[in-house]
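Trainee: predicted coordinates and the sequence they were generated for:
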Amino acid sequence: MMSTKVKTVNKKISKDDFKATILSDYRLAAEVRESGAQGRRDVLSGKGSFGIFGDGKELAQIALAKVFRHGDFRAGYYRDQALMTALGQYSPKHMFSALYGDPELEREPSSGSRQMMNHFGTRFLNDDGSWKNLMEQNNSTSDMACLASQFPRLVGLAQASQVYRDNPELAKSKPGFTNGGSEIAFATIGNSSCAEGHFFEAVNAIGVLQVPAIISIWDDGYGISVANDIQMTKSDVSEVLKGFQMDEKGAGYDIVKVMAWDYPALITAYEKAEKLAREKHIPSIIHVIEMTQPTGHSTSGSHARYKSKERLQWEIDFDCNKKFKEWILENEIATQEDLSNIDKEVIQFVKEQKKEAWTEYQAPIKLELKEVITIFNSIAAQVSITEIAEWIKDLNQSAMFGVFRRDYLSKARTLLGMIVHENIPEKATLRNFINRINSENYDRYNTKLYNETSTSALKVAEVKPTYDSNPEEVDARIILRDNFHHMFDAIPEAMIFGEDVGKIGGVNQGVEGLQDKFGESRVADTGIREATIIGQGIGLSLRGLKPIAEMQYLDYVIYGFQPMVDDIASLHYRTHGGQITPLIIRTRGHRLEGIWHSGSPMGMLLNGTRGMYLCVPRDMTRAAGFYNTLMQSNDPAMVIECLNGYRVKEKLPNNIGEFRVPLGKVETTREGNDITLVSYGSTWKIVMDAAEQLERAGISCEVIDTQTLVPFDLSHDIVESVKKTNRLLVIDEDVPGGGSAYILQKIVEEQNAYNFLDSEPQTLAAKAHRPPYGKDGDYFTKPSAEDIFEKVYAMMGESNPAKFPSLY
Ligand SMILES: Cc1ncc(C[n+]2csc(CCOP(=O)(O)OP(=O)(O)O)c2C)c(N)n1
């Protein structure tokens, strides 16, 4: 039985207002339903490629929207169409623009159609890269298709409220980012996605931190075709979550189960959750059951394939919109006629919105089509290419339904190839047309992987470390430690957290004493949960803080890799510059001993995280310099410290906290004439040792430290060295064809070093397996100075065997 009364906490409203609200909710639910139905037809008729809609989930989302305030944050997924519409950020027209793939931001502001439809995101950044006032808008962090991937970042989104509440001074200084820590982070997730590890990891982390998150589970009993009995123990996620239920001390969550079709109960549930979260920072889980999926999962297939007749009938009977209508009539809030009128108006409204979206999407494309057909016609008049007439016919025909730019551009490019030897002026017209279309579409589809505004790390000027005349030599970790102390003094938004980072100051003592000085809110231990440590950083950075998320060892980054690859690296690109995470991931890797303590998987990182910067400092002075640079920017980056470098002596700079190492600038650390050796990180030192030995053998090596892998040698200094030496060897300790192949591609292809080489450019990497434990495991797996010596010697011997006879 549906509850009959809507209890509205803190609010007394007139009967007329009450009725108006209910009818407006009814209209909104009907609008979402109808746009889904019409959108589905558009996919079937070929106007859109793929459709996924919010039908069957309307009522709960409308109830949620009632407690969502300006300054709150959403981490949700593709079903939240009604929520986004109720928050005023979405309309049927937006939906259709996204369904068609309209690339114009003014019509598809979430991503300019870089994302599939119904993947939402609010713009957090202005065009110049500066932050908008996030307290004046409803904030949706950008959705991803990867299920449960919104959960790692939820931890940080909610934690930021706690950080601001604990630091009133800081909160006061950042009015665009907080209202004194009262903001709530709302998450939504499907029932089946709750089977993902990310969900449980985040639920636990939020429970431990006790931060204001409200998690809504939209439970329609299925994950595509797979039902709850296969997804979840006892087929019921909130049953499983009972151990998280709040205890008498207020620790844990308030867990509520509510029917998806019970409007008054939904409103009560959200009002209670809001109060707990906003006032007491107590998180809630609202398990919304008995949801339906009236037309199945997506446009990819019918749900009649996997739902029984009884289930399909039940879904009709318990449809939330139908139940809502019954409730309105039972309580005499409106008449059948009122509701039928609304239904009719909604159908008409959605039709109009759809038409507008289509017309506006097609208008510029049709103009371009007209232009290209004119060019085709004039070429056809001069050359005898029979296909042209056929193409024009096809294009004119498809124009009646809808044209994609690729339809005519592919033909235009083919035609250019066919008329390359013709001496006609239209060849230039065609070429110019192709160039113009390519360039316009480069902006639409290929830009903004990186931030190019004035907030970019590439705009931060270098400040060199400076030294007293007789500088003290210290354990390198002291430089890092002192630098962090200086940074935390200077930057109140700076935070660092990870495993063993708080109490003991890090496994290598790089943050020793930091927690004592700056408190647990800014310097914190975390549970062992890499994915949500990264997610914590994402969420905090989206809320105006400057987090450093620590991965204890590079080998364990793989646990946190999914949010790096899917969220951080793609965020600026997939939102068309609308969102960015200024997060620094700190880790340590390369050399130590043992299969999981000597990793150097640069190829994996490079291939997975384009969109982030990757710094590989050879020592701790450079590492500190990178942190100082990155802290001045809005860009996400990873810094990999050398695991074997903390106790190595380094000179103590006298401008700790001030010096900044630029990104994308290589350093030549030894000059030579015979060969260029390129390396980075821990291997750099071994290369320098080998270069010394090679000098004795009569081979003069130039050694270059790349310093960062992304960006890579922005001023192309390496090719200048190759011009001098005419030989190139790249050395690292990743697998063969990993990081070294990337470096080679950059130098040989991008920098055109091929033109200056006298011998084959080569790489020297580690073995393909992981390094076994112990000194000998390392020696027989990773490149040693002797390996480098022999490799270089052999390269030199190729051209001068008399001077460098074979060693073996
Ligand atoms: C990590 C991941 N695995 C698989 C998929 C493919 N997939 C898309 S939706 C879906 C079912 C999701 O079900 P549920 O979480 O219950 O949400 P619903 O779509 O029913 O609202 C699957 C398996 C995906 N997008 N991401």
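Mentor: It's in. Every value quoted in this text rests on a predicted model; they were computed, and no experiment measured them.

Trainee: where are the low-confidence patches of this structure?
Mentor: For the chain, the stretches flagged by pLDDT under 70 are 1-11.

Trainee: could you list the contact residues of it toward the ligand?
Mentor: Residues of the chain lying close to the ligand by C-beta under 6 Å from any ligand atom are 79, 145-147, 190-193, 218, 220, 222-224, 297. Every residue, glycine included, has its C-beta placed from N, CA and C.

Trainee: buried stuff in stretch 102-112?
Mentor: Asp102, Pro103, Leu105, Arg107, Glu108, Pro109, Ser110, Ser111, Gly112 (16 or more other C-beta atoms under 10 Å).

Trainee: stretch 351-364 now?
Mentor: Going by 16+ other C-beta under 10 Å, stretch 351-364 has these buried residues: Gln353, Lys354, Ala357, Trp358, Glu360, Tyr361, Gln362.

Trainee: format those residues as CSV; extra columns: secondary structure.
Mentor: Below are the buried residues of stretch 351-364 laid out as CSV (DSSP: H, G, I helix; E, B strand; the rest coil):
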residue, secondary structure
Gln353, helix
Lys354, helix
Ala357, helix
Trp358, helix
Glu360, helix
Tyr361, helix
Gln362, helix
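
Trainee: what two of those residues have the greatest distance between them?
Mentor: Based on C-beta to C-beta, the longest span within the buried residues of stretch 351-364 runs between Gln353 and Gln362 and measures 15.1 Å.

Trainee: what's near enough to touch the spatially closest residue to Leu105 that is not a sequence neighbour?
Mentor: Using C-beta to C-beta, 6 or more residues apart in numbering and skipping the chain neighbours, the partner closest in space to Leu105 is Gly112 (4.5 Å). For Gly112, the contacting residues are Pro103, Glu104, Leu105, Arg444, His576, by C-beta atoms under 8 Å, 6 or more residues apart in numbering.

Trainee: of those, which belong to helices?
Mentor: Among the contacts of Gly112, the members found in helices (DSSP state H) are Arg444.

Trainee: tell me which of the contacts of Gly112 is nearest to Gly498?
Mentor: Closest to Gly498, out of all of the contacts of Gly112 and judged by C-beta to C-beta, is His576, at 31.7 Å.

Trainee: what's the spacing between the nearest residue to Val661 once chain neighbours are set aside and Ile385?
Mentor: Ranked by C-beta to C-beta, 6+ apart and with sequence neighbours excluded, the top spatial neighbour of Val661 is Gly625, at 3.2 Å. Separation of Gly625 from Ile385 (C-beta to C-beta, to the nearest Å) stands at 60 Å.

Trainee: looking at those two, which one has more neighbours?
Mentor: The residue with more neighbours, out of Gly625 and Ile385, is Gly625; 27 against 17, by other C-beta atoms under 10 Å.

Trainee: one step back: do you know how far the residue nearest to Val661 is from Met631?
Mentor: Remark: distance between Gly625 and Met631 (C-beta to C-beta) = 11 Å.

Trainee: can you name the residue of this protein nearest to the ligand?
Mentor: Residue of the chain nearest the ligand, by C-beta to the nearest ligand atom: Gly190 (2.0 Å).

Trainee: so what's the residue count around that residue?
Mentor: 24.

Trainee: same thing with His287?
Mentor: Applying other C-beta under 10 Å, we find 21 residues neighbouring His287.

Trainee: need the residues that contact the helix or strand where it lies.
Mentor: Applying DSSP states H and E as the criterion places His287 in strand 284-289. The contact list for strand 284-289, computed with C-beta under 8 Å, 6+ apart, reads 60, 203, 213-219, 237-238, 241, 244, 253-260, 266, 269-270, 272-273, 276-277.

Trainee: how about the residue nearest to the spatial centre of the chain, nearest residue that isn't a chain neighbour?
Mentor: The centre of the chain sits closest to Asp567, judged by C-alpha atoms, centre = their mean, with a distance of 2.0 Å. Using C-beta to C-beta, 6+ apart and skipping the chain neighbours, the partner closest in space to Asp567 is Ile538 (5.8 Å).

Trainee: export stretch 473-483 to PDB, keeping only CA atoms.
Mentor: Listed next in PDB are the C-alpha coordinates belonging to stretch 473-483 (Å, rounded to 0.1, in the frame of the first residue of the first chain):
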ATOM      1  CA  GLU A 473      74.600  16.600   1.800                       C
ATOM      2  CA  VAL A 474      71.500  14.900   3.200                       C
ATOM      3  CA  ASP A 475      69.500  11.800   2.800                       C
ATOM      4  CA  ALA A 476      67.300  12.600  -0.200                       C
ATOM      5  CA  ARG A 477      64.100  12.000   1.700                       C
ATOM      6  CA  ILE A 478      64.900  15.100   3.800                       C
ATOM      7  CA  ILE A 479      64.600  17.200   0.700                       C
ATOM      8  CA  LEU A 480      61.100  15.800   0.000                       C
ATOM      9  CA  ARG A 481      60.100  16.100   3.600                       C
ATOM     10  CA  ASP A 482      61.200  19.700   4.100                       C
ATOM     11  CA  ASN A 483      59.600  20.600   0.700                       C
END
